[in-house]
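K.L.:
Provide a 3D model corresponding to the input given below.
(one chain, ligands or ions: 1)
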Amino acid sequence: MNNKTLAILKPDCVKKNLIGKVITLIQEAGFKVSAIKMIKLTPETAKGFYEVHTGKFFFNDLIAYMTSGPCVPIALEKENAVEDFRKLIGATDPAKAAEGTIRKLYADNMQENIVHGSDSDENALKEIAHFFSRKELLEINGL
Ligand code: CMP
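P.N.:
Model prediction:
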C-alpha cells in the first residue's frame, strides 16, 4: 500500500464552482493535499491519461469532455488512500452512488461525474506522475 492517490476535479466540478466544496469534503475525510494545480488537458494528454479506455464506446466523448475546460489534479495522501478515496467519491454512475458520497451529492451523470480517483496503488503512482514531475513534488514538499 503506498498511501497515495490521484484525484482530478473534472471540468463539470470547475464549471459548477464546486472546487472549494469538494476539496473541503476530501480534507474533512482525512486526506492531505500534497500537490495541486489547475490545467486544461490537451487531447494528447487526456488520451494518454485514459489510455486503458482506448476503443471503448465512451472514449471519444470522455476525451471531448475532459478537454472541454480546466480541471484540477490533486495528489492526495492518507492511509489506505486508494480505497478510502473511492468510497468517498462513490460509484462512477451517480445514480448508483451511495448517499453522502461526492458523486451522489454533485454529479449529473456517468460522464460528468465531478471527480476521478485512481483505481489501484500501481495506477495511483502512474497517475500522479502524469501530472506532477518528481522534481515538482520534491520542491513542493521541501525534501
Ligand atoms: P473516471 O473515474 O474518471 O474513469 C473513466 C471515466 O470514463 C469515468 O470516470 C467516467 O467519467 C467515464 N465512463 C466510464 N464508464 C462510462 C460509461 N459507461 N459511459 C460514459 N462514461 C463512462
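K.L.:
How about the strand or helix carrying residue 105 and the ligand, touching?
P.N.:
Under the criterion of DSSP states H and E, residue 105 resides in helix 102-106. No: Helix 102-106 lies out of reach of the ligand by C-beta under 6 Å from any ligand atom, never closer than 9.4 Å. (C-beta placed from N, C-alpha, C; glycine too.)
K.L.:
Outside of that helix itself, which residues are in contact with it?
P.N.:
With C-beta atoms under 8 Å, 6 or more residues apart in numbering as the test, helix 102-106 has contacts from 13, 16, 18, 21-22, 25-26, 88-92, 94, 97-98, 113-115.
K.L.:
Can I have the buried ones of those residues as a ChimeraX selection?
P.N.:
Buried residues among the contacts of helix 102-106 (16 or more other C-beta atoms under 10 Å), as a ChimeraX selection:
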select :13,18,22,25,26,88,89,90,91,94,97,113,114,115
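K.L.:
Quick check: which helices or strands does the helix or strand following the helix holding residue 105 pack against?
P.N.:
For helix 102-106, the following helix or strand on the C-terminal side (DSSP H and E) is strand 115-117. Judged by 3 or more C-beta pairs under 8 Å, 6 or more residues apart in numbering; DSSP states H and E, strand 115-117 is in contact with strand 4-9, helix 81-89.
K.L.:
Restricting to C-alpha, output the helix holding residue 105 in PDB.
P.N.:
Extracted in PDB, the C-alpha atoms of helix 102-106 (Å, rounded to 0.1, in the frame of the first residue of the first chain):
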ATOM      1  CA  ILE A 102     -19.300  13.300  -3.600                       C
ATOM      2  CA  ARG A 103     -20.800  11.900  -6.800                       C
ATOM      3  CA  LYS A 104     -24.200  11.400  -5.200                       C
ATOM      4  CA  LEU A 105     -24.100  14.900  -3.900                       C
ATOM      5  CA  TYR A 106     -22.900  16.700  -7.000                       C
END
